[in-house]
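1. coordinates only, sequence not included:
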DNA sequence: CCAAAAGTGTTAGGAGTACACCCATGG
DNA sequence: CCATGGGTGTACTCCTAACACTTTTGG
């Protein structure tokens, strides 16, 4: 067998909700190839860390957040996808609640910004394809899992939850039907607090599963 | 950055239906580590082939079949998963119809055999975990896609289709409800032939989508 | 008092599920 | 004629989808 020479990276599609839009974190590349273009945060996997460890390390470096939802997406390994040579990337996606999505002063990234997924700039490598894949995945998962809650703060209103669904699925939902379904799932509990909203105050809820997410 | 040294393999969960059971192809390892134990077919990715090309090459080497369903499953990259060093594997699964699942005289595999997924021998590496993952994936996909047809010959009876579903989902289905649902999907077309079955002959069907699978 | 988002029920149609008997053939 | 798998219809439940008005607040 001829000697194999493949390098392995992880790239992360970091998603959040902000301003009624689904946004993805992109970093501007400071070096060739694709210098000056935006790309997904990511980097080479170290010899002594698992794929998920590598993904969490990159995530922490970019956003400072540790305890967020992270899931492997797909591996992209076409021969010509990186002009520098043979590079396989294992893509992950992460969901960051809005109260924990400040940008960290980048340790290695020149410039990082949130972009609405509907208005992406030209992207380096095959990263556009990776983002599209991530959005498709979260759309599907939204229908049969509770990943949606990973994009909300600990306390939220039902309208916020509904807007989240509408933004990700890119379609409008009926308010009464939506609330009935959420209620039937038994996954949210009303708090004693209300949220002052400018007009009529809204009931605050929390996700009913065991308190897993950390310091709100 | 310290020099990265990760080797990349593909491993394939090759599934077929035989004798009313879901079976997976395993090869007996001829060399350490895990010498003499069964493992998934697989091997190192060449520098000049994509991941899927590598998977199809391995698939062809093991079974001689070219034109079957193949889908990337997941990438397994824990640090200690291969005692020889750092090896990342990109797992695929393939679905082989029963009329095209003969074993090819292995070019590089010592011994290959089909095992019912319910009676697996001890497996090398983390391959048991990979198989479990593949079964979970196909169970889910069976519910909302047409992958099931990939495990049938071109001509099949509705009873064969139902048994396929029952074996994979590991639960019994109601014959009338099953047929109604299949009919409602409009995905099968009756042929003019019947299948002699020992008792009352059964209507043969074919999958209604554009003739994609090749030489029956 | 007006604008704006919060909140709340009913009805109709479709999908899923439970359930039992006759049919065609080979031996 | 009998054993075996092939083939068929109906009723009930539940989920989904469509649809409009009242409430509470800030300005």
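-> Thanks, I have it. Fair warning: this is a prediction, and the values are worked out from it, not measured in the lab.
2. for chain A, what's the longest helix?
-> The helix of greatest length in chain A, counted in residues with DSSP state H as the criterion, is given as helix A:127-144.
3. what angle separates that one from helix B:127-144?
-> Counting by axes from the mean of the first three to the mean of the last three CA atoms, to 10 degrees, helix A:127-144 lies at 70 degrees to helix B:127-144.
4. tell me the mean pLDDT for the helix or strand following helix A:127-144?
-> Downstream of helix A:127-144, the first helix or strand assigned by DSSP states H and E is strand A:156-157. The pLDDT scores in strand A:156-157 average 97.
5. Equivalent analysis for stretch A:44-57, please.
-> Across stretch A:44-57, the per-residue pLDDT values average to 98.
6. Buried residues, it. List them.
-> When neighbours are counted by 16 or more other CB atoms under 10 Å in any protein chain shown, the buried residues of stretch A:44-57 are found to be A:44, A:45, A:46, A:49, A:50, A:51, A:52, A:53, A:54, A:55, A:56. For the C-beta atoms, the positions are set from N, CA and C on the backbone; glycine is no exception.
7. Which secondary structure state does the last one sit in?
-> Following DSSP: H, G, I helix; E, B strand; the rest coil, we place residue A:56 in the helix state.
8. so what's the backbone phi/psi at the residue nearest to it when sequence neighbours are not counted?
-> Nearest-residue entry for residue A:56: residue A:70, 6.4 Å, with adjacent residues in sequence omitted and distances by CB to CB, 6 or more residues apart in numbering or on different chains. Listed backbone geometry of residue A:70 is phi -140, psi 130, with angles given as degrees, to the nearest 10.
9. Could you tell me the per-residue confidence at residue A:70?
-> Residue-level confidence at residue A:70 comes out at 98, pLDDT.
10. Could you double-check that it sits in contact with residue A:58?
-> No. The criterion here is CB atoms under 8 Å, and residue A:70 misses it with residue A:58 at 10.2 Å.
11. which residues do those two both contact?
-> Counting by CB atoms under 8 Å, 6 or more residues apart in numbering or on different chains, the residues touching both residue A:70 and residue A:58 are residue A:12.
12. Identify each buried residue in stretch A:14-26, please.
-> A:14, A:15, A:16, A:17, A:22, A:23, A:24, A:25, A:26.
13. okay, those in a markdown table with pLDDT and secondary structure next?
-> A markdown table is the format used below for the buried residues of stretch A:14-26 (pLDDT from 0 to 100; DSSP: H, G, I helix; E, B strand; the rest coil):
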| residue | pLDDT | secondary structure |
| --- | --- | --- |
| A:14 | 98 | strand |
| A:15 | 98 | strand |
| A:16 | 97 | strand |
| A:17 | 96 | strand |
| A:22 | 97 | strand |
| A:23 | 97 | strand |
| A:24 | 98 | strand |
| A:25 | 97 | strand |
| A:26 | 97 | strand |
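14. Reduced to three states, what does residue A:200 come out as?
-> Put simply, residue A:200 is coil when judged by three-state DSSP.
15. how much space between it and residue B:15?
-> Look at residue A:200 and residue B:15: by CB to CB, to the nearest Å, they are 56 Å apart.
16. Ok, residue A:82 next?
-> For residue A:82, the distance to residue B:15 equals 33 Å [CB to CB].
17. before we move on, what about residue A:78?
-> 26 Å.
18. Check residue A:62 too.
-> Spatial separation of residue A:62 from residue B:15 under the definition CB to CB is 39 Å.
19. Point out where chain A drops to low pLDDT.
-> Regions of chain A meeting the criterion pLDDT under 70 cover residues A:1-2, A:101-110, A:210-216.
20. Try it again at 80.
-> Residue ranges of chain A with pLDDT under 80: A:1-2, A:99-110, A:209-216.
21. which parts of it sit against DNA strand C?
-> Applying CB under 7 Å from any atom of the strand, we find that chain A lies next to DNA strand C at A:157-159, A:174-177, A:179-180, A:194, A:197-203.
22. of those, buried ones?
-> The neighbour count (16+ other CB under 10 Å) marks A:157, A:158, A:202 as buried among these.
23. returning to what we had before: have a look at residue A:70 and residue A:58 and say which one is more surrounded.
-> More neighbours surround residue A:58 than the other of residue A:70 and residue A:58, with 25 against 18 (other CB atoms under 10 Å in any protein chain shown).
24. give the contact list for the residue most central in space within chain A.
-> In chain A, the C-alpha nearest the mean C-alpha coordinate belongs to residue A:15, at 2.5 Å (CA atoms, centre = their mean). Residue A:15 makes contact with A:22, A:23, A:24, A:93, A:94, A:95, A:96, A:117, A:134, A:138, A:151, according to CB under 8 Å, 6+ apart.
25. what about the fourth one, how many residues close to it?
-> So the one you mean is residue A:93. For residue A:93, the number of neighbouring residues by other CB under 10 Å comes to 27.
26. what's the spacing between it and residue A:114?
-> In this view, residue A:93 and residue A:114 are 15 Å apart by CB to CB.
27. which bits of chain A sit near DNA strand D?
-> That would be A:174, A:175, A:176, A:177, A:180, A:181, A:184, A:196, A:198, A:199, A:200, A:201, which are the residues of chain A within reach of DNA strand D (CB under 7 Å from any atom of the strand).
28. want to try TSV for the residues you listed, with distance to chain B as columns?
-> Shown next, in TSV, are the residues of chain A next to DNA strand D (distance: CB to the nearest CB, whole Å):
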residue	distance to chain B
A:174	23
A:175	27
A:176	27
A:177	22
A:180	23
A:181	19
A:184	21
A:196	42
A:198	41
A:199	40
A:200	40
A:201	40
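29. Taking those residues together, which two end up most distant?
-> Farthest apart among these by CB to CB are A:184 and A:198. That separation is 29.4 Å.
30. Tell me which stretches of chain A form strands.
-> With DSSP state E, the ranges of strands along chain A come out as A:7-18, A:21-28, A:38-39, A:42-44, A:69-76, A:87-96, A:111-116, A:156-157, A:188-195, A:202-207.
31. what does stretch A:133-153 rub up against?
-> By CB under 8 Å, 6+ apart, the list of residues contacting stretch A:133-153 from outside reads A:13, A:15-17, A:22, A:24, A:68-69, A:71, A:73-74, A:91, A:93, A:95-99, A:117, A:160-161, A:164-165, A:168-169, A:187, A:207, A:209, A:216.
32. Drop anything exposed from those residues.
-> Of all these considered here, the ones buried according to neighbour count by 16+ other CB under 10 Å are A:13, A:15-17, A:22, A:24, A:68-69, A:71, A:73-74, A:91, A:93, A:95-98, A:117, A:160-161, A:164-165, A:168, A:207.
33. Chain neighbours aside, what residue packs nearest to residue A:60?
-> Spatial nearest neighbour of residue A:60, chain neighbours left out: residue A:66 (5.7 Å); criterion: CB to CB, 6+ apart.
34. any idea how far that neighbour is from DNA strand C?
-> In this structure, residue A:66 and DNA strand C are separated by 31 Å, where distance is defined by CB to the nearest atom of the strand, to the nearest Å.
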